[in-house]
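**Q** Pasting a predicted model and its sequence here:
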Amino acid sequence: MHNDREVTERRLDRVLNQRIRPAVHARSVPLRVEVWDVPGEPVPVREGLAAPYNPAQVGDRWGPAWTTSWFKVTGTVPAEWAGLPVEAILDLGFATHSAGFSAEGLVYRADGTAVKALNPRNIWLPVAESALGGEEFTAYVEAAANPVVMHTAPDELTFGPTAVGGRAPWLGDPAADPGEPLYQLRRLDLAVVDRTVYELVQDLEVLGQLMHELSPEAPRRWQLLSAVERALDAVDLQDIGGTAAAARAELAPVLAAPAQASAHRVSAVGHAHIDTAWLWPLRETVRKVARTVSNVTQLMDDHPEFKFVMSQAQQLAWLKEHRPEVYARAQEKAKTGQFLPTGSLWVEPDTNITGGEALVRQFVHGKRFYQDEFGVDTEEMWLPDTFGYNAALPQLMKLAGVRWFLTQKISWNTTNKFPHHTFWWEGIDGTRIFSHFPPVDSYNGELSGAEVAHTVRNFQDKAGSNSSLIPFGYGDGGGGPTREMLARAARMADLEGSARIEIEGPTDFFERAHAEYEAAGGAPVWSGELYLEFHRGTLTSQLATKQGNRRSEHLLREAELWATTAAVRSGHTYPYAALDRLWKTVLLHQFHDILPGTSIAWVHREAEETYAAVAWELERIIESAQEALAGTGDTRVVFNAAPHARDGIPALGAAVRAQAAEVPVAPRQLPEGGFVLDNGLVRVTVDADGLVTSAYDLTADREALAPGARGNLLQLHQDFPNQWDAWDIDVFYRNTVRDLTEAESVTAAEDGGVRVVRVFGNSRIEQTLTLPAGSRRLVVDTVVDWHEKEKLLKAAFPLDIRAAHSTAEIPFGHVERPTHTNTSWDAAKFEICAHRFLHVGERDWGAALVNDSTYGHDVTRDIRTDGGTTTTVRLSLLRAANFPDPDQDQGTHRLRYALVIGADLTDAVREGYHLNLPERTAAAGAAVAPLVAVDHEGVVIETVKLADDHSGDVVVRLFEAHGVRARATLTPGFTLAEATATDLLERPRAADTPTYETTPEGTVRLTLRPFQILTLRLRRAV
């Protein structure tokens, strides 16, 4: 007998989708529908239920962008349906196949209880498993007319000013005209659910998908093909309900065949990635969370085996505040072991840009929320969608009590395939965390045959382990798992030709995988940062958002420092509640689509407004504390919040100083045009074009700039990546560059320094170059009125240095990256992240760039004709992508950076802090001795605060910053009763090795490993 495989496969596709699937709800009656269009922003549920509704019908258009409509649907169960399972089919007219990227709805009972959500992949609503004939049905749907911003068709993404036709202002401004209705009611029915037909659909879907993944040479594929063909023959297309059982009987034997003994084991973990903001504003995410949690808790009622992880404490806090009845359902299901708080973080933050102490607080507030609300001490860091992972994270995880790490984002690399899926990740200090990258290469799995087969083929560590994890459920915009996904999992639990699928929690997976590796001799190790070879533009996009975060992080440091000092010294009231709230606000905005600059304009405008409010409040806290410390008077007192002394002001203290520090030296004009700045330590020459032609270290008798090169050269590149506009910088941007050498004016600044004005395109840049007395720092204060489109602005410093590597600050330390491109791994790092400093140098001399708000950098190395080496260091200052915010970065910005001439690593660390923590001057009455001090320049005090438990204990967090072993003495400015090492949550923690001891003099001796972080709790003597 001849068998044309493709004919049967095409037959299955058509019969399943055009005949059998629609027969699940073949018997239906229409529902009556009424509508109330909400004027303005969303309203509380009670208001929506009590609103005045107007008649509506299927086919009506509804929902201008970002508006809300409430639908009331009513109907009567026909008498002949008595005893049958009945559902409502509520299709709001979704404009895309993707859950969470189009219109969404949440269904309520008349008493305001949430039932479940509606999205393009989930339009059913339970009515009765055994209906009563004549039973009345009423439901309310809160329908959100969220516009389609990016997804437009299956498997297609669009990147442009908007993806919905033209440049729609409502994408960024909710106050603008929202335009015409976007959606049209498609189907609102009561329907009988034919359970047998439904199960037949699941059978055929699983076997059909599995069949496509098996080799044509595999006997199992032909066995499945034959069974499917017999099942299709058994189906009477005019009586599908009456013949579905016979068709299922034909499939039963192949569904019962067990998996091979060596089959790969997949832990299926229910999940719904909900971007805290992205193509929607924060207020909409609050509703997305309620929709998703309603969905999954309803699914748990019907499927006791179903387990679901929720990974952002902020989202559950929103749920508790805004939808307590939905939150109560989550807590109920947590007690049954089905709803699993996980992830350990307040939000899923960006981990390239977020500062070190802020990452600490992500763990503190995330884990503490889960402990307080669910009684769970989470042990995993669940971060599937962040754009790279800094090398300090393993130590931070360990100090937070985290044992496991999961992400899949590195699978998005465009150059190199990461060599492992399960491995030990080693941080800069040597800490290792057991980590897993799901080989499914997705955090929005559907448990399809293709995904499961890809998981098995793709898994790279088969010799050491036979287990991997699939996070399944619709996500990004939320939605979560569906009953169809659970049906697939049930059929593939033990199915020949497939991996074994088991629904379980992440801890179950990690414990098993770890045990497998231990039995096999241990897992492989990856040391250093997890650099994502993609989305490099996120280091620069939306400068104002990044500036707001940088400023907030440093203001929070100051507020805690001075408030703690004032509380201890003068009894000043410590603002526990305010600092807790402000920290959570800043942590929220570190979400990985806010801080990286990849959200719609609405999100970033609100973020800038929020940062301004945060700064105002923190300034008041700082002023109040400093007044309590130094009193009032006519004496000029200077406060220094930096961890290093400067100009006679102690670190973390204040002193009287009559004159201003770091007064810029006066420029000396050159006959040929241009100016010289000379403070006796360095001499800087600025030519008639306003470019730096010399940066000479007078002490070392050495020129910093390469021969013939000019520094602080602004360069404009065309910036139009192949996709993901705000996210990506593609390497070909370097092929097109315009050097901005023409100056409108180069003049002496009134307050010292040289002012340079440049005009280009539609933009204007004014820079003031200053060299403070007694400093090696050439400061460039830049004001940009930026109106370019699809351009990238960089500032270049070509240095006469043969640097084998660059050294970039990351949280709690630094990383070294090669300046060469020997390997594809090196070449892929053509845009890199640095926080406050980037240093390059030879063994005995170097230079650093420090900044107050820049993260993107690049470093290249060239050999000159004279045989010397030029190492060019550039800062990425501004971008102007079109999507998802067409007005990204347009407007006026002020930023500062500086070239530190003759700098070693110690100088780079110190100058980075000094630029970001400027002195504060007050008319006061007295100096302020530091509350704590340390006698080693490489041991940096990062945080001084009062303990969160209101005990009055002083908490000091410090770290070794130079990458060397350090012995130091910490001296408290109060009588010390006891010093205790703690974890990040301020709980006692036994150190791996002895790192501190209290002396009889009341000091604390420290012995630190390279980059070690130590948190000490200092109890004051009564």
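**A** Everything's here; your move.

**Q** if you go through the stretch 151-300 of the chain in chain order, where are the strands?
**A** 151-153, 156-157, 183-184, 187-192, 265-271 (DSSP state E, counting those that start in this stretch).

**Q** deepest of the ones you listed, which one?
**A** Ranked by mean neighbour count, the strands of the stretch 151-300 of the chain are led by strand 265-271 with a mean of 27 (mean count of other C-beta atoms under 10 Å). (Glycine included, C-beta is placed from N, CA and C.)

**Q** Could you export the strands of the stretch 151-300 of the chain as CSV, including mean pLDDT and distance to Asn390?
**A** Output for the strands of the stretch 151-300 of the chain, formatted as CSV (pLDDT from 0 to 100; distance: least, C-beta to C-beta, whole Å):
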stretch, mean pLDDT, distance to Asn390
strand 151-153, 54, 30
strand 156-157, 58, 28
strand 183-184, 96, 42
strand 187-192, 97, 49
strand 265-271, 98, 24
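
**Q** Out of these, flag the one nearest Thr414.
**A** strand 156-157 (15.4 Å; C-beta to C-beta).

**Q** Can you add distance to Glu516 and give the strands of the stretch 151-300 of the chain back as JSON lines?
**A** Below are the strands of the stretch 151-300 of the chain laid out as JSON lines (distance: least, C-beta to C-beta, whole Å):
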{"stretch": "strand 151-153", "distance to Glu516": "38"}
{"stretch": "strand 156-157", "distance to Glu516": "37"}
{"stretch": "strand 183-184", "distance to Glu516": "49"}
{"stretch": "strand 187-192", "distance to Glu516": "47"}
{"stretch": "strand 265-271", "distance to Glu516": "9"}
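
**Q** Looking at those strands, spot the one closest to Ala898.
**A** Short answer: strand 156-157, nearest of the strands of the stretch 151-300 of the chain by C-beta to C-beta, at 40.4 Å.

**Q** and of the strands of the stretch 151-300 of the chain, who's closest to Trp724?
**A** Closest among the strands of the stretch 151-300 of the chain, once you apply C-beta to C-beta, is strand 156-157, at 8.6 Å.

**Q** contacting residues around the spatially closest residue to Ile503 that is not a sequence neighbour?
**A** Excluding the flanking residues, the one nearest Ile503 by C-beta to C-beta, 6 or more residues apart in numbering is Ala268, at 4.9 Å. Applying C-beta atoms under 8 Å, 6 or more residues apart in numbering, we find Ala268 in contact with 445, 447, 469-470, 472, 489, 501-504.

**Q** Need the per-residue pLDDT for the residue most central in space within the chain.
**A** The centroid of the chain falls nearest to His592 when counting by C-alpha atoms, centre = their mean (2.1 Å). Predicted confidence (pLDDT) for His592: 98.

**Q** Please verify my assumption that it contacts Gly388.
**A** No: with contact defined as C-beta atoms under 8 Å, His592 does not reach Gly388; the gap is 10.0 Å.

**Q** for Gly548, what are its contacts?
**A** 589, 607-608, 610-612, 614-615.

**Q** Derive a PyMOL selection command for the buried subset of those.
**A** In PyMOL, a selection of the buried entries from the contacts of Gly548 looks like this (16 or more other C-beta atoms under 10 Å):
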select buried, resi 589+607+610+611+614
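
**Q** closest to Leu984 among the contacts of Gly548?
**A** Using C-beta to C-beta, the contacts of Gly548 come closest to Leu984 at His589, 20.6 Å.

**Q** Now that closest one: closest residue in space, sequence neighbours ignored.
**A** Using C-beta to C-beta, 6+ apart, the closest residue to His589 is Ala607 (5.3 Å).

**Q** So that neighbour is in contact with Gly597, correct?
**A** No: if you go by C-beta under 8 Å, Ala607 and Gly597 don't touch, sitting 9.6 Å apart.

**Q** who touches both of these two?
**A** By C-beta under 8 Å, 6+ apart, the residues touching both Ala607 and Gly597 are Thr545.

**Q** Mind listing the residues bridging to the residue nearest to Ile503?
**A** Ile470, Ile503 (DSSP bridges).

**Q** Please report the distance of it from Ile89.
**A** Noted for Ala268: a distance of 27 Å to Ile89, by C-beta to C-beta, to the nearest Å.

**Q** ok, now Ile810?
**A** The separation that Ile810 has from Ile89, given C-beta to C-beta, amounts to 52 Å.

**Q** For Ala639, identify the helix or strand it belongs to.
**A** I think there's a mix-up here, since residue 639 is Phe and not Ala. Using DSSP states H and E, Phe639 maps to strand 635-640.

**Q** immediately after that strand, which helix or strand?
**A** Sequence order places strand 653-656 as the next helix or strand after strand 635-640, per DSSP H and E.

**Q** So which elements touch that following strand?
**A** helix 601-630, strand 635-640 (3 or more C-beta pairs under 8 Å, 6 or more residues apart in numbering; DSSP states H and E).

**Q** ok, and the closest non-adjacent residue to Glu142?
**A** The nearest residue in space to Glu142 (C-beta to C-beta, 6+ apart) is Leu106, at 4.9 Å.

**Q** That neighbour touches Ser294, doesn't it?
**A** Yes: Leu106 lies in contact with Ser294 (C-beta under 8 Å); the separation is 6.3 Å.

**Q** Helices of the stretch 1-150 of the chain, start to end?
**A** 5-15, 45-49 (DSSP state H, counting those that start in this stretch).

**Q** how far is the shortest one from where the chain is centred?
**A** For helix 45-49, the gap between its own C-alpha mean and the chain's C-alpha mean amounts to 34 Å (C-alpha atoms, centre = their mean, to the nearest Å).
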